[in-house]
Structure formats: structure tokens, C-alpha cells
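Asker: Just to be clear, the model below is a prediction. Sequence and coordinates:
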Amino acid sequence: MPAWARDVVSLYESGAANQFILYGNVNDEIVLPLNSACRIGSLADFLLHVLMPSFDVILSYDVGNGIRVEQGAKIFSEWPFMHDMPDLPKAPRAAIETLTRYLRYCANLANIGRDKYHIGCYIKTADLVAPNAYQGLSNDVNALATLVRDWSSESDLLQHSLATFLIVENLNDLHPIIANNPRVSQIQIPLPTENELQTAFAILAPSFPTALSKYSDKMGDLAQSMTGATLSSVDSLLKVKEHSKQPIAPNDMVQLKKQLVEKDANGLIEFIESTKSLDDLSGQEKIKAWLRQDIALWNAGDLAALPMGYLLCGPVGTGKTYMAECLAGEAGVPVVKLQNFRDKWVGSTEGNLEKIFRLVHALGRCYVFIDEADQALGRRQSDADDSGVSNRVYSMMAAEMSDTNNRGKIIWVLASSRPDLIEVDLKRPGRIDVKIPIFPTTTPEEGFALLCGLCKRRGLDVPSALTDAMTPLIPNLLTPGAAEALAVKVYRRTRTESCTPIQALEDCLKDYLSPVPPETMAFQIRLAVAEASDSEFVPKEFQLPAAGP
């Protein structure tokens, strides 16, 4: 029996809880450890056949099927109320009222010394029955949520043999009256463990001899490589491979995890596909050496010295996102970028973030890139007009980024030109261990080399040697973003006017105006210097003088 199920049994049998919110990987298939033989089924099957097989009556409800008697139909039919009700109601409010009435009826029977039944009830997609406010708040919804909460708090029901389960994918999607009830136990259903996958492969092996042919005696290795994938996606992969008469290949595992995340992401995250490497970064040798050392430690499985996260900071246009792309290509592990997960509906933002965390964990090993982190990560103190969303986002991010179980699995990469606006607690060691400042060029030679490289990528033949005539034209503090715009302008001029690339470059430099005001550039440089976690990352031109005694 999985650990989460053992927790349910312990809490129920000790009398500590009789109502459970099951959330997380609730729509996946699951191994059913039955006495006769293990098989694979749904979470509802697990509740019926593993957790509550000896219960006298088991009821279920969802908005599509209404109330269903899963077990004990004869006992349920003896309820006098059934004589006046030809059909069980389907509408949420009426259905919850009917279930509440039956639970109280059974409790009253036990109190007067008549029949004492063990009653179980579970609600599938409970967020559609008792949604959070962003899906529509009404008196009916509030009344319904209050009734469900009463199942865990009414003294008669507490003394009665009753177990209720609310199944929801995202905890934040459930009505807060239920989700925040101190008497309810929140139980997260995780992705299948390696042992559970190995058991599943043993069950599935007879049905997929070709797909599993290369792993007939190495199911443990296959299970280890598949850790982080859902059992449903594994089953789909096996069916496709068996149908095409092909065995599973190592690359299939990588693609499966990626497809799984992309399918479920629904626009919340984006994979950064990159053919670049750290060699494509101009200069910054100290930083590249540090990142390569971290990648080598990661590949070797030496996780103790790995950072929990990086902060890339520097003026606008210095190439923070580009560095993340180069890091992605160098490391050879998935890099996902958080998209705009904020929503105008109360509770929806938190639900989106909860889903993002679950998807990221499914990848096993990855970088998570957050651009404009000063805007995305929230605040400890919320603004008056955001209903506390910023504070809740901050709390969720802080908890996830500091989870030491993620070391060696998830590395956070934050990027910001205003790192001073990121909460100090989110930047502390244990969440962000390495702060990397990225600066514009500091010499004419650096600026010219940057421009030459970008021009040559466009097929422009620019001499590599910086001439005396060209030196005074090279702007100081040139960023890769500004240099990119210059290279495009040079390319355009060579195509629209009869001039050589070097002539076009000279003309463009004479007309150049910095896209970033000098005072803004100087301010953001000072911020990056102040944030740097290692003085070796800061060029001597920007290093602050040592403080006096």
C-alpha cells in the first residue's frame, strides 16, 4: 500500500480524521494491492477495493453521474426517504443535501441502538461541486460547502463509522470553507514511485511483450528511468509501441516526460529548446567556468554542492534570457520557462501555480526559468487591490524553492534587471545560492568583438581587428541587445545601399543612440554589483572600492 494510503488508514483508525481531501495526481491510474493479485485501476477503484472493501455502504457523487450507490444497494434501499424519491438528484446542492440527510439518518440509527453501518462516500472532481470563488460564488455554493464541512465536524457523525473523500486535482480550486477546515486531512497523491512503476510493469508485461522486450530482465532500470511520468502516460506509450511492433528505446522516456508536461501545461510553461552552449556567450569566462563545474557535478550525481537556484541580474538587454538558453544547451536537461500564470479570478492563480509545481516535478531533472522575476514572484505584503494573491504566490514560491528534496532535481533560474524588487527571503542562500551579474561591455575591444560576432552571424564580412579610426566610435557599456539592433541595421544598410559591411558599421555607429538612458544603466549596474555572490563575477571596472577601517 502506498505511503499516502497508509496515512489515511492511520488517521481514520485512530479517530484523528474522517474526512480527507485527496489532491495532486488524482486522475492517474494506480496499482491496486489486492489479496488475490495486483491489478491497475483508478483512484476510485482504490477507494472501493483497497481502502473501504468492508464498508457496508459506499456512495459516490460527481456532477455528471449524480449520486451512485457503489456498494450496499440493499441497505441503502431500506432508507425510508427513498420511498418518496424515485430518482436520486444530480444537481450539486440537492445531491449534497440528500447525502447529508442519509449520513445523519445512519448516525441516528446507531445512536438509538439499532443498525450501525460503516458508511463511505467520495466526491469526484470536488472542485466542480464546491468551487473556489473564482468559479462563481453564490449562496448555494456556500451552503453546499458548509454541509460538506459538517460531515467532519458534527458530533453525531464523528461518533459514527463514516469516511468521506473529496477528490480534486488542485487544492486551491476547492472552496476555502472545505479546504481550510482544520478537521479535514489534506493528502497529496504523488506521481508513481520507482517501486510502484516496477510493480506496474510486472502487471503489464504479459500484455506488451514486444514493447518491453528489451527490459524483460531489467524492469528495475526501466522503472527508474520512467520515474516522474504518470502511469497513464506509460500505459499509452506501451500501447503505441506494441501496436507498431517496436520496443521502448531510451529516448522514448525523455520524450514521454516532455509530452506529458506539454499536454498538461495548457500554456502555463514553455520548453526552451536550445542548440546553443556556453561557448556562444561572449566573454564572462569566470561565470562560464562556474556553471560548467555545476553541470559536471550534476552529471556525476554529486548533489551536495549543487545550488538550489541562480539569480541572473544586470541591466536591460545584457542577455539574461540568452544565458539561460546557452545553459539549457550546455546542460542537456529540460529547461522550462514559466509563462504568465496569474489570473484575474480569485484562487485561479494559486491553482495554476500548484499545477506548475506538479508538472515540473514530473520532469525529474530540469531548470525552471523565471524571467522578470521581480514581477512574477509576488510580495510578502500584498497590495490592497490584489485580494492577497501576491502574498499567497510569494508563500507558495518560497516553500517550493526552499524544499531540499528538490536539490539535484530542480534548479531555479531567476532573471531580473531590478533584483532589489525581489523579496530578500526569496534571494537568500538555500533558495538562490549563486547570484550572477551580467554587465555590458567595458572596453572598445569587447564592444567591437561583440558587434563583429553578431554581424558575421548574418554573413557580413567585417574585419576582426579594431582600427584606430573605429575605436572612438564604439559605444561604452554596449549591451548584447543594443549590439543585436546595430547588427540588424548594418545588415539592412548593406542590402539597401551600395556600401561594404565595414562602411555600413561605421555609419551606424556614428548615428548610434543608446536605447537605455545613462542614469538607468548606471543604476542597474550598481544593483547587479551589489547582488553578486562572488567578487570574481564582477569586472574590475565595476568593483566597488574596499571599505576603510
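Answerer: Done, it's in.
Asker: the longest helix in the chain is where?
Answerer: helix 92-111 (DSSP state H).
Asker: Render the CA-only coordinates of stretch 482-502 in CSV, please.
Answerer: Extracted in CSV, the C-alpha atoms of stretch 482-502 (Å, rounded to 0.1, in the frame of the first residue of the first chain):
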residue,chain,number,x,y,z
ALA,A,482,21.8,47.0,-28.4
ALA,A,483,24.5,45.3,-30.4
GLU,A,484,21.9,43.0,-31.9
ALA,A,485,19.9,46.0,-33.1
LEU,A,486,23.1,47.6,-34.5
ALA,A,487,23.9,44.4,-36.4
VAL,A,488,20.4,44.3,-38.0
LYS,A,489,20.8,47.9,-39.0
VAL,A,490,24.2,47.2,-40.6
TYR,A,491,22.8,44.2,-42.5
ARG,A,492,19.9,46.3,-43.7
ARG,A,493,22.2,49.1,-44.9
THR,A,494,24.4,46.6,-46.9
ARG,A,495,21.3,45.3,-48.6
THR,A,496,19.7,48.7,-49.4
GLU,A,497,22.7,50.8,-50.1
SER,A,498,25.9,50.2,-52.1
CYS,A,499,28.4,50.1,-49.2
THR,A,500,30.7,47.5,-47.6
PRO,A,501,29.9,46.0,-44.2
ILE,A,502,32.6,48.0,-42.5
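Asker: Give me the buried positions along it.
Answerer: Applying a neighbour-count criterion of 16 or more other C-beta atoms under 10 Å, one finds 482-487, 489-491, 493-494, 501-502 buried in stretch 482-502. Any C-beta I mention is one placed from the backbone N, CA and C, and that applies to glycine too.
Asker: In terms of distance to residue 44, which of those ranks first?
Answerer: Nearest to residue 44 among those: residue 484, at 54.8 Å, using C-beta to C-beta.
Asker: tell me what the helix or strand hosting the closest one is packed against?
Answerer: Using DSSP states H and E, residue 484 sits within helix 480-496. Counting contacts by 3 or more C-beta pairs under 8 Å, 6 or more residues apart in numbering; DSSP states H and E, helix 480-496 is packed against helix 444-457, helix 501-510.
Asker: Touching the shortest one from outside, list them.
Answerer: When contacts are taken as C-beta atoms under 8 Å, 6 or more residues apart in numbering, the neighbours of helix 501-510 outside the stretch itself are 451, 455, 460-463, 470, 473-475, 486, 489-490, 493-494, 497, 499.
Asker: any idea how far it is from the chain center?
Answerer: Put simply, helix 501-510 sits 47 Å off its chain's centre (C-alpha atoms, centre = their mean, to the nearest Å).
Asker: same check, this time on the first one
Answerer: When C-alpha coordinates are averaged (C-alpha atoms, centre = their mean), helix 444-457 and its chain have centres 38 Å apart.
Asker: Show me what it is packed up against.
Answerer: Short answer (3+ C-beta pairs under 8 Å, 6+ apart): helix 444-457 packs on helix 480-496, helix 501-510.
Asker: I'd like the ones you listed as JSON lines, with mean pLDDT and distance to residue 426 appended.
Answerer: Formatted as JSON lines, these follow (pLDDT from 0 to 100; distance: least, C-beta to C-beta, whole Å):
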{"stretch": "helix 480-496", "mean pLDDT": "91", "distance to residue 426": "26"}
{"stretch": "helix 501-510", "mean pLDDT": "90", "distance to residue 426": "41"}
